[in-house]
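Peer 1: sharing a model prediction with you, sequence too.
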Amino acid sequence: MPLPEFLAELDALAQQAVAAFEAAGDAEALEAARVQFLGAKSGQLKAVQKGLGKIGKADKPAAGKQFNETKKRIEAAQAAAVERLARGAGPSEETTGFDPTVPGIRPRLGRLHPITQTIEELKDIMGRLGFSVAEGPEVEDQWHNFEALNIPAAHPARDPLDNFYLATAEKTAAVPSRKAWLLRSQTSTVQIRVMEQTSPPVRIISLGRVYRPDTADATHYPMFHQIEGLLVDHHVTMADLKSVLRLFARSFFEDDVHIRFRPSFFPFTEPSVEVDMSWQGGWIEIAGAGMVDPDVLRAVGYDPEQVTGFAFGVGIERICMGRHGIDDIREFYKNDVRFLRQF
Ligand code: DAH
């Protein structure tokens, strides 16, 4: 083999090997490069070394010298890559084409949970209809969670098996029920808190967590989210309720959906309805609602002869599942990034 050919082969090999070591981004790539170029049995350097035997005697010293230098060069590139990866750095910048002068693209470092995204959207939709956001505590007293909502002491909804009473509740059982605490079972509590503090008109929504000791299954979870709506003013009617819920459903589901009311019962509304929405050929239940019961208005010091109101409660997980075709509520709380990344 003529010397120039041999030297050219060595040079090409060195360039290839150095590039491979520089590009190695992890231990696996590093090992692959080592085997490919420096492997004792079938490494490319070994293959070129075999060519050394075919070099004419006069050229041998020059060829040998160049071979040794090439080997050193490749080994140095390997050592540099080992050191770089030990430092935790990625492929060296030259090989990734990183150019610090190019304007950056802001990385997406995370995303909001689908329920948080839904909450933000609901606030936006209802905000456009003139509803402002009210907050209430998640640890509630029985007055706001039950009594003022027309759910008296003997009502089954207050059963300890259906509520998360706090340990202090038992100790204070003898004192007025206002002092017994529980994790709120509904966001209707916020209706009372708002009306106690403001005189009509009222037009609020409240969104947040509620708690019930249900065994988790595809449609139940011991903690979930509700959005509560309340509008109190002169001459508020069921027609207003239906219009607002229809606008709400059309905005959220981005479709020409229809709303249907089914007679129902809630202690704090009279009349009460379950609200269904036409969706993909069927009806899905989206809310409980009704006209605020006069007893509730009286409990907060409003005059039911002067004002009327409507209220509604919507399960946020339920409508989020409906919209995205999610069939198991537990998906929201597994923290499986493969699920969360879809939103
Ligand atoms: N609080 C009810 C629940 O958790 C939902 C509800 C029904 C809220 C009717 C309302 C309403 O405001 O009017 O099941």
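Peer 2: Great, that's in hand. Residues are numbered from 1 along each chain as shown.

Peer 1: I'd like to know how far His267 sits from Arg341.
Peer 2: Quick fix: residue 267 reads Pro, not His. Distance, Pro267 to Arg341, by C-beta to C-beta, to the nearest Å: 42 Å. To be clear about C-beta, it is placed using only N, CA and C from the backbone, and glycine gets the same treatment.

Peer 1: pick out whichever of those two has more residues nearby.
Peer 2: Pro267 (17 against 8; other C-beta atoms under 10 Å).

Peer 1: which stretches in the stretch 151-300 of the chain count as strands?
Peer 2: With strands called from DSSP state E, counting those that start in this stretch, the stretch 151-300 of the chain shows them at 181-183, 202-211, 223-233, 259-266, 269-279, 282-292.

Peer 1: how about those in a markdown table, adding mean pLDDT?
Peer 2: Shown next, in a markdown table, are those (pLDDT from 0 to 100):
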| stretch | mean pLDDT |
| --- | --- |
| strand 181-183 | 94 |
| strand 202-211 | 98 |
| strand 223-233 | 98 |
| strand 259-266 | 96 |
| strand 269-279 | 95 |
| strand 282-292 | 95 |
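
Peer 1: give me the contacts around the one helix or strand Ala311 maps to.
Peer 2: Element membership for Ala311, per DSSP states H and E: strand 308-315. Counting by C-beta atoms under 8 Å, 6 or more residues apart in numbering, strand 308-315 makes contact with 186-188, 191, 200, 202, 224-238, 240-241, 244-245, 268-269, 275, 286-292, 297, all of which sit outside it.

Peer 1: buried subset of those residues?
Peer 2: Buried subset of the contacts of strand 308-315 (neighbour count, 16 or more other C-beta atoms under 10 Å): 186-188, 191, 200, 202, 224-232, 236, 240-241, 244-245, 268-269, 275, 286-292, 297.

Peer 1: just give the nearest non-adjacent residue to His144, would you?
Peer 2: Leaving aside its sequence neighbours, His144 sits nearest to Thr189 (C-beta to C-beta, 6 or more residues apart in numbering; 4.3 Å).

Peer 1: distance of the one you found relative to Asn163?
Peer 2: 12 Å.

Peer 1: how about Arg318?
Peer 2: Plainly put, Arg318 is 20 Å away from Asn163 if you go by C-beta to C-beta.

Peer 1: check Glu120 too.
Peer 2: Distance of Glu120 to Asn163, computed by C-beta to C-beta: 29 Å.

Peer 1: of these two, which one has the most company?
Peer 2: Each of Glu120 and Asn163 has its neighbours counted (other C-beta under 10 Å); Asn163 has more, 20 against 12.

Peer 1: what about Gln306, neighbour count?
Peer 2: Count around Gln306 with other C-beta under 10 Å applied: 10.

Peer 1: show me which residues of the lengthiest helix in the chain are buried.
Peer 2: The longest helix of the chain (DSSP state H) is helix 60-86. Within helix 60-86, the residues that qualify as buried are 63, 66-67, 70-71, 73-75, 77-78, 81, 84-85, counting by 16+ other C-beta under 10 Å.

Peer 1: now do stretch 115-134
Peer 2: By 16+ other C-beta under 10 Å, the buried positions in stretch 115-134 come out as Ile115, Thr118, Ile119, Leu122, Lys123, Ile125, Met126, Phe131, Ala134.

Peer 1: any chance of these in a markdown table, with pLDDT and distance to the ligand too?
Peer 2: Formatted as a markdown table, the buried residues of stretch 115-134 follow (pLDDT from 0 to 100; distance: C-beta to the nearest ligand atom, whole Å):
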| residue | pLDDT | distance to the ligand |
| --- | --- | --- |
| Ile115 | 98 | 17 |
| Thr118 | 97 | 17 |
| Ile119 | 98 | 17 |
| Leu122 | 97 | 15 |
| Lys123 | 98 | 17 |
| Ile125 | 97 | 17 |
| Met126 | 98 | 14 |
| Phe131 | 98 | 13 |
| Ala134 | 98 | 13 |
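
Peer 1: now, those that are in helices?
Peer 2: Within those, residues falling in helices by DSSP H are Ile115, Thr118, Ile119, Leu122, Lys123, Ile125, Met126.

Peer 1: flag the shaky bits of the stretch 101-250 of the chain, pLDDT-wise.
Peer 2: In the predicted model of the stretch 101-250 of the chain, residues 168-179 satisfy pLDDT under 70.

Peer 1: and with 90 instead?
Peer 2: 101-110, 167-180 (pLDDT under 90).

Peer 1: quick one, helices of it?
Peer 2: Taking DSSP state H, counting those that start in this stretch, the helices of the stretch 101-250 of the chain run over residues 114-128, 142-145, 167-171, 189-197, 238-253.
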